[in-house]
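Colleague: Sequence and computational prediction follow.
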Amino acid sequence: MVAQSIKIQQNEHEQPEWLDNFVNIYSQLSVDNLHLLEKIYHEDIIFTDPMHSLQGFTELKQYFEHLYANLSACKFTIVQIITEGNQAAIYWQMRFCHKSLNKGKPIEVNGSSQIQGLNDKVTYHRDFVDLGEMLYENLPFIGRVIRLIKQRASKNG
């Protein structure tokens, strides 16, 4: 998947260099090119997602290497970008394959990121994603239980 029709909303100014770099790298990021992360993240990056919070590029790189170690594929499609000054909200779809999730078949999940940058690097990155959709619902036993709970909740609502 390659980035499709990216909609950018901004206040009559050009998109900052750090944001251009981020979008370009994430649109091509995969299990085979994690070295590209050093081109977009500041050495003192603050990164938060639903599972971890860390600081510094060394920690971030180790985290991504660990995350991607069990993936056979991972691709981001940037759907929309809203930018204001040194901040941006990025809406994306991630498609990935993990040997222990969904019988190794592709999983698609929507999420968003709040990022801030300075010059050509991202200094702050926070991801928002539904861990149930991404992880729990795709585990062999727990996934069935969660789907059953969701079905029952939707019938009672």
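Modeller: All right, it came through fine.
Colleague: And the strands in this protein, which stretches?
Modeller: 7-9, 41-48, 53-55, 71-84, 87-98, 107-118, 121-129 (DSSP state E).
Colleague: hang on, residue 110 packs against residue 80?
Modeller: No. Counting by C-beta atoms under 8 Å, residue 110 stays clear of residue 80, with 10.9 Å between them. C-betas here are computed from N, CA, C, even on glycine.
Colleague: Look through this structure and tell me its longest helix.
Modeller: helix 140-156 (DSSP state H).
Colleague: about what we covered before: which of the strands of the chain sits closest to residue 18?
Modeller: For those, proximity to residue 18 was assessed by C-beta to C-beta; strand 107-118 is nearest, at 3.0 Å.
Colleague: How about residues contacting that closest one?
Modeller: Contact with strand 107-118 is made by 16-19, 22, 42, 79, 86-98, 101, 122-130, 133-134, 138, as judged by C-beta atoms under 8 Å, 6 or more residues apart in numbering.
Colleague: Among those residues, name the buried ones.
Modeller: 16, 18-19, 22, 42, 79, 88, 90-92, 94, 96-98, 101, 122-125, 127, 129, 134, 138 (16 or more other C-beta atoms under 10 Å).
Colleague: gap between residue 47 and residue 54?
Modeller: Separation of residue 47 from residue 54 (C-beta to C-beta, to the nearest Å): 5 Å.
Colleague: how about the nearest residue to residue 34, chain neighbours excluded?
Modeller: Distance criterion C-beta to C-beta, 6 or more residues apart in numbering; nearest residue to residue 34, sequence neighbours excluded, is residue 64 at 5.5 Å.
Colleague: Equivalent analysis for residue 55, please.
Modeller: According to C-beta to C-beta, 6+ apart, the nearest residue to residue 55 is residue 46 (5.2 Å).
Colleague: thinking again about what came up before, next, count neighbours for the residue nearest to residue 34.
Modeller: 16 (other C-beta atoms under 10 Å).
Colleague: Residue 137 now?
Modeller: 20.
Colleague: where are the low-confidence patches of the protein?
Modeller: 1-13, 132, 156-157 (pLDDT under 70).
Colleague: measure residue 112 to residue 64 for me?
Modeller: Taking C-beta to C-beta, one finds residue 112 at 18 Å from residue 64.
Colleague: what do you get for residue 32?
Modeller: The value you get for residue 32 to residue 64, if C-beta to C-beta is used, is 13 Å.
Colleague: Thank you, goodbye.
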